[in-house]
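Asks: The following comprises the amino acid sequence and a computationally predicted model.
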Amino acid sequence: MDLYYQKIGKGKPFIILHGLYGMSDNWLSIGKQLAEHFEVYLIDQRNHGNSPKSDKFGYPELVSDLEQFFEKHGIEKASILGHSMGGKTAMFFAAAHPEMISRLIVADISPRSYAAIANKAPQLEIHKKIISAMRSVDFAKANSRQDVADQMSTIIAEKRIVQFLLKNLGKGTQNALKWNLYVEGIEQNLHRVLEGFEENMELSGKSFTNFPVLFLKGELSDYIKADDEAYIRKVFPYADIVTIFDAGHWLHAEQPHTFYNALIDFIFN
């Protein structure tokens, strides 16, 4: 799949992968800062942003897309930063191609499966709510971003989440508003996005020590809990785990300066 991307800066390759419902634009601020040191590739993963849409949507497909991206752009080795779903993509890619990783940075996600606890997982509930809100929008009655926000707010009370999702609005035929996300494809494959290393028999029980690894977790997020840290170190034995205080799951947006400083400390110290 030919992924949409933005490239800025010069130097060694540095790839940034957004999370579910995200896009490359969400990382442009961090990317511009990193571009002072690297050639930064900000990628829209499949079913997101300006990249192609597909009913096939899981980590095997996301890793394959990244493999093709490396080949197309002649990238032999790169640092990869991935947030949430993008972090899982980065971990699976790094496990499959450790020789192609300079450093791995994972933002607020662990390698474990979230599907195993899906029936009671708060992560699943918020995803269900988000998808329900996005699918509930009647674009025939939406002439502005505010109209869409008002409709979604009947399901999602958190204004911050609504504003984040509104970044996925685009224009269709006759300038009508539409989602750039492939919402149906995401909904059909949500269980696959929740999967972890446990579902992959080839990776289960293996550990990787070929490259430096940093996990950044939001203090107020429940995506990396205390007992997850032991599992992280089973898979990545020498990983650094750093907490970004006063930040939730979207830690790079909530505490951008602290987040960037943690990146730079890891990369250059």
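Replies: Okay, I see it.
Asks: What lies in contact with the helix or strand hosting Ser29?
Replies: If you go by DSSP states H and E, Ser29 is part of helix 28-34. With contact meaning C-beta atoms under 8 Å, 6 or more residues apart in numbering, helix 28-34 is reached by 6, 8-9, 14, 16, 24, 40, 42, 252, 256, 259-260, 263. Just so you know, the C-beta spots here come from the backbone N, C-alpha and C atoms, and that holds for glycine as well.
Asks: Next, format those residues as CSV and append secondary structure.
Replies: CSV is the format used below for these (DSSP: H, G, I helix; E, B strand; the rest coil):
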residue, secondary structure
Gln6, strand
Ile8, strand
Gly9, coil
Phe14, strand
Ile16, strand
Ser24, helix
Val40, strand
Leu42, strand
His252, helix
Pro256, helix
Phe259, helix
Tyr260, helix
Leu263, helix
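Asks: Derive a ChimeraX selection command for the buried subset of those residues.
Replies: The following ChimeraX line selects those of those that are buried, judged by 16 or more other C-beta atoms under 10 Å:
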select :6,8,9,14,16,24,40,42,252,259,263
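Asks: Phi, psi for the residue of the chain most remote from its centre please.
Replies: Computed with C-alpha atoms, centre = their mean, the residue of the chain farthest from its C-alpha average is Gln174, at 31.6 Å. When read as degrees, to the nearest 10, the backbone of Gln174 gives phi 50, psi 30.
Asks: One more: Arg112?
Replies: As for Arg112, its main-chain torsions (degrees, to the nearest 10) stand at phi -70, psi 170.
Asks: on that earlier part again, kindly reformat the contacts of helix 28-34 as CSV containing pLDDT and distance to Pro60.
Replies: Below are the contacts of helix 28-34 laid out as CSV (pLDDT from 0 to 100; distance: C-beta to C-beta, whole Å):
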residue, pLDDT, distance to Pro60
Gln6, 98, 25
Ile8, 98, 29
Gly9, 98, 30
Phe14, 98, 24
Ile16, 98, 21
Ser24, 97, 22
Val40, 98, 26
Leu42, 98, 23
His252, 95, 26
Pro256, 96, 32
Phe259, 98, 29
Tyr260, 98, 32
Leu263, 97, 28
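Asks: got the domain boundaries for this structure?
Replies: Listed domain ranges for the chain are 5-113+195-268, 122-188 (source: automatic domain parsing).
Asks: and among those, the most buried is which?
Replies: Of those, the one with the most neighbours on average (mean count of other C-beta atoms under 10 Å) is domain 5-113+195-268, at a mean of 19.
Asks: mind exporting the helix holding Ser29 as PDB, just the C-alpha atoms?
Replies: In PDB, the C-alpha atoms belonging to helix 28-34 read as follows (Å, rounded to 0.1, in the frame of the first residue of the first chain):
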ATOM      1  CA  LEU A  28       3.900  17.900  12.900                       C
ATOM      2  CA  SER A  29       5.000  20.000  15.800                       C
ATOM      3  CA  ILE A  30       7.200  17.200  17.300                       C
ATOM      4  CA  GLY A  31       8.300  16.300  13.800                       C
ATOM      5  CA  LYS A  32       9.600  19.800  13.100                       C
ATOM      6  CA  GLN A  33      11.600  19.800  16.300                       C
ATOM      7  CA  LEU A  34      13.100  16.400  15.500                       C
END
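Asks: how about the helices in the stretch 1-150 of the chain?
Replies: Secondary structure of the stretch 1-150 of the chain (DSSP state H, counting those that start in this stretch): helices located at 28-34, 59-72, 85-96, 122-136, 145-152.
Asks: now the angle between helix 145-152 and the helix or strand bottoming out on mean pLDDT in the chain, please.
Replies: None of the helices or strands of the chain scores lower by mean pLDDT, DSSP states H and E than helix 122-136, at a mean of 88. In terms of direction (axes from the mean of the first three to the mean of the last three C-alpha atoms, to 10 degrees), helix 122-136 departs from helix 145-152 by 120 degrees.
Asks: what's in contact with stretch 94-103?
Replies: Contacts of stretch 94-103 (C-beta under 8 Å, 6+ apart): 12, 63, 67, 70, 75-80, 93, 104, 197, 203, 206, 208, 210-214, 266-267.
Asks: got it, and stretch 247-261?
Replies: Under the criterion C-beta under 8 Å, 6+ apart, residues 26-27, 29-30, 33, 83-84, 107-108, 160, 164, 216-221, 223, 244-246 lie in contact with stretch 247-261.
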